[in-house]
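Novice: structure, please.
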Amino acid sequence: MDTLSQLRADKLAGSKRLDLSCGLTEFPREIFDLADSLEVLNLSGNRLSELPEDFGRLHKLRILFCSENEFTRLPAVIGGCGNLSMVGFKSNRIETVDESAFPKALRWLILTDNRIARLPSSIGNCPQLQKLMLAGNHLVHLPDAMAACVNLELIRLAANRFRSFPEWLFELPRLSWLALGGNPWSQTSCAETMAEIDWAHLRIGEKIGEGASGVIHQAHHGNNPAAVKIFKGGITSDGLPEVEMATSLAAGRHPNLIDVRAKISNHPDDRQGLVMSLIDSDFVSLAGPPSLDSCTRDVYAEGCEFPPAVLLRIVRGLASAVRQLHNRGIIHGDFYAHNVLLNQEGDCVLGDFGAASFYPQGSAVEPIEVRAFGCLLGELLLRCPSRPEELWKLQRRCISEIVSERPGFAEIVDGLNQA
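Specialist: Next comes the predicted model:
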C-alpha cells in the first residue's frame, strides 16, 4: 500500500513526518488528521499550485518542503504556522512572495530556481532567519528592511540580476557564507588561459563522488591518475556550474587547494568538466554538512578530537589557501569543514567551489569569509583537548559582530605562522 493510500486509510496516525510525491494536483485534506503530531511535511515532486486556506491547522509543523511543484506565489497561508522554521519551495514558478508568507519562527528559507523579482519588506520581520537561499531568480535589489535580519549567517544570491549590493549586506554581524556569482556585479574571471585535455585522452573509472553541480570519477590521463568532474549544468542551490568552473581554474595552485590541471574539451554530450589531481584515499571529510536541526553548523563525528599540532596544521593550511583566493579576487562562499578533506597528520585541502564567485576590487567581502574561518576554528578548538588560549583570542576576533574589527587573512596567516 502506498503512502497516500495509507494516509486515506487512517494508518499513519501519530506520524511526525509525511512524504508524498505522487503527482498530486490538490492538497489531501486527510493530512489534517495528523495535525496533532505532524512536524515534517514533504510534498516535493508533485503538481501543486496552492495550499488550503486553513493550512495553519498544522500547528506542530516545523519543516515544509514543496519543491518541484507549480506554485506561482509563495502561499500566504504558511505565515500562519507558528512553529514553522524551515520552508523549501525550490524549482517552482514563483513570481510573487506575499507580504504575510513568512512565519515568525522562520530560520531557513529556500526559494532557489524561481522567477522572483522582488522580496517584500516583511522579510525584515524574521529575526530568527539564519539561512536564505535565493539563487536563480530575477532579483535586482534587496529590501532595506532585511538589514534587521541580524542573525543571517548564510545567503545565496547567485544567478540573479544584481548590479550592486547594499552596504548593509556586508555589515550583517553574523554573515559568514555568501554566494554572489552569476550577477552583473561580479567581475569577470582573471584566470589565465588554461590547458585543455581532450575527452578521448581520458580513461574514466568508477564514480567517487557526487554533488549538486556535478559527478566526480576516478580517471587516468595517460599513465597519470586523476579525478574528473563532469558538470550537470543548470542552477544549483549555490549558483551556476560555469562560475564554479571559472573560479576553480582561477584559484591557482596551492598545497591546500585541490589542484585543477585542465578543463575538458570535446565531451561527447557537450558537457563541461575539469581534470583534477586525485586525492589519496586516506583523506576523509573533516565534518559532515549541516543537518535540518543544526541549520548552519557542520556535524562532527562523535568523539572527534584534534591534537594541538594537528589543529594548528589544519588552520594554517586553510587560512593560507583562502588568503590566496582573496588575493585573486575570489570568495569561496562555502568555507566549511564539510568541504575540507583531511588526513591524520593534519594535511588538508579545501574543495567545492560551487558557491564561489569573483568580486570587484574594493568590495567588503573578505571579512565575511574571515567569520566563516572563525566559525570553523571555534569548532576545531572545541574538539582540541588543550584549547590554546592564543587561538581562542584569534577566533573571537574573527567572529566579532563589529565587522571592521576582524583581521584580514594576511594578518591571520602571519599570526598562525608565529603560533
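Novice: please count neighbours and contacts with C-alpha atoms only from this point.
Specialist: Will do.
Novice: any low-confidence regions in this protein?
Specialist: By pLDDT under 70, the low-scoring segments of the chain are 1, 187-193.
Novice: please enumerate the helices of it.
Specialist: 3-8, 241-250, 308-327, 366-381, 389-398, 409-418 (DSSP state H).
Novice: closest one to Glu99 among the ones you listed?
Specialist: The closest of the helices of the chain to Glu99 is helix 366-381. By CA to CA, the value is 29.0 Å.
Novice: buried ones in stretch 342-362, by neighbour count?
Specialist: 342-343, 346-359 (16 or more other CA atoms under 10 Å).
Novice: rewinding a little: quick one: the helices of the chain as CSV, columns for mean neighbour count and distance to Leu64 too.
Specialist: Formatted as CSV, the helices of the chain follow (neighbours: other CA atoms under 10 Å; distance: least, CA to CA, whole Å):
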stretch, mean neighbour count, distance to Leu64
helix 3-8, 16, 17
helix 241-250, 22, 27
helix 308-327, 20, 35
helix 366-381, 24, 28
helix 389-398, 17, 34
helix 409-418, 16, 39
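Novice: in a markdown table: these, plus distance to Lys90.
Specialist: Listed next are the helices of the chain as a markdown table, based on distance: least, CA to CA, whole Å:
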| stretch | distance to Lys90 |
| --- | --- |
| helix 3-8 | 23 |
| helix 241-250 | 17 |
| helix 308-327 | 30 |
| helix 366-381 | 25 |
| helix 389-398 | 33 |
| helix 409-418 | 35 |
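Novice: distance of Asp347 from Leu257?
Specialist: From Asp347 across to Leu257, the span is 11 Å (CA to CA, to the nearest Å).
Novice: isn't Ser44 right next to Ser67, touching?
Specialist: Yes - here Ser44 reaches Ser67: they are 4.5 Å apart, a contact under CA atoms under 8 Å.
Novice: thinking again about what came up before, among the buried residues of stretch 342-362, which pair sits farthest apart?
Specialist: Asn343 and Tyr359 (31.9 Å).
Novice: closest one to Leu178 among the helices of the chain?
Specialist: helix 366-381 (7.6 Å).
Novice: give me phi/psi at Pro103?
Specialist: Reported as degrees, to the nearest 10, the phi and psi values for Pro103 are phi -60, psi 150.
Novice: okay, now the nearest residue to it once chain neighbours are set aside: neighbour count?
Specialist: Nearest-residue entry for Pro103: Gly79, 4.1 Å, with adjacent residues in sequence omitted and distances by CA to CA, 6 or more residues apart in numbering. For Gly79, the count of nearby residues is 21 (other CA atoms under 10 Å).
Novice: wait, what's in contact with the spatially most central residue of the chain?
Specialist: Residue closest to the average C-alpha location in the chain (CA atoms, centre = their mean): Asp238, at 5.4 Å. By CA atoms under 8 Å, 6 or more residues apart in numbering, the contact set of Asp238 is Met133, Ala135, Arg156, Ala158, Ala179, Gly354, Ala355.
Novice: can you check Thr296 too?
Specialist: Thr296 makes contacts with Gln130, Lys131, Glu153, Leu154, Pro290, as judged by CA under 8 Å, 6+ apart.
Novice: list the ones among those residues that fall in strands.
Specialist: Judged by DSSP state E, strands contain the following of the contacts of Thr296: Lys131, Leu154.
Novice: among the contacts of Thr296, the buried ones, what's the ChimeraX command?
Specialist: Typed into ChimeraX, the next command selects the buried ones out of the contacts of Thr296 (criterion: 16+ other CA under 10 Å):
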select :130,131,153,154
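Novice: same list (the contacts of Thr296) but as a markdown table, adding distance to Ile216.
Specialist: What follows is those, written out as a markdown table (distance: CA to CA, whole Å):
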| residue | distance to Ile216 |
| --- | --- |
| Gln130 | 31 |
| Lys131 | 27 |
| Glu153 | 29 |
| Leu154 | 26 |
| Pro290 | 22 |
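Novice: just the contacts of Thr296 now: which is nearest Leu278?
Specialist: Pro290 (25.9 Å).
Novice: distance check, that closest one against Asp298.
Specialist: According to CA to CA, Pro290 stands 4 Å off from Asp298.
Novice: for burial, what's the neighbour tally of Gly239?
Specialist: Using other CA under 10 Å, Gly239 has 32 neighbouring residues.
Novice: dump the residue contacts of it.
Specialist: Residues in contact with Gly239 (CA under 8 Å, 6+ apart) are Ala135, Gly136, Arg156, Leu157, Ala158, Ala159, Ala179, Leu180, Gly181, Gly182, Gly354, Ala355.
Novice: these: which two are farthest apart?
Specialist: Across those (CA to CA), the longest gap, 13.5 Å, separates Gly136 and Gly354.
Novice: was I right about the residue nearest to Pro103 contacting Leu106?
Specialist: No - between Gly79 and Leu106 there is no contact under CA under 8 Å: 9.1 Å.
Novice: so what's Arg297 closest to, chain neighbours aside?
Specialist: Pro290 (5.1 Å).
Novice: where's the one you found relative to Ala337, distance?
Specialist: 10 Å.
Novice: touching both of these two, which residues are there?
Specialist: Common contact partners of Pro290 and Ala337 (CA under 8 Å, 6+ apart): Asp298.
Novice: kindly export stretch 22-33 (C-alpha atoms) in PDB.
Specialist: Written as PDB, here are the backbone C-alpha positions of stretch 22-33 (Å, rounded to 0.1, in the frame of the first residue of the first chain):
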ATOM      1  CA  CYS A  22       2.700  11.000  -6.300                       C
ATOM      2  CA  GLY A  23       1.600  13.600  -8.900                       C
ATOM      3  CA  LEU A  24      -0.700  15.400  -6.500                       C
ATOM      4  CA  THR A  25      -2.700  18.300  -8.000                       C
ATOM      5  CA  GLU A  26      -4.700  19.000  -4.800                       C
ATOM      6  CA  PHE A  27      -3.700  19.100  -1.200                       C
ATOM      7  CA  PRO A  28      -5.000  15.900   0.500                       C
ATOM      8  CA  ARG A  29      -7.300  17.000   3.300                       C
ATOM      9  CA  GLU A  30      -6.500  13.800   5.200                       C
ATOM     10  CA  ILE A  31      -3.200  15.400   6.200                       C
ATOM     11  CA  PHE A  32      -5.100  17.500   8.700                       C
ATOM     12  CA  ASP A  33      -5.800  14.200  10.600                       C
END
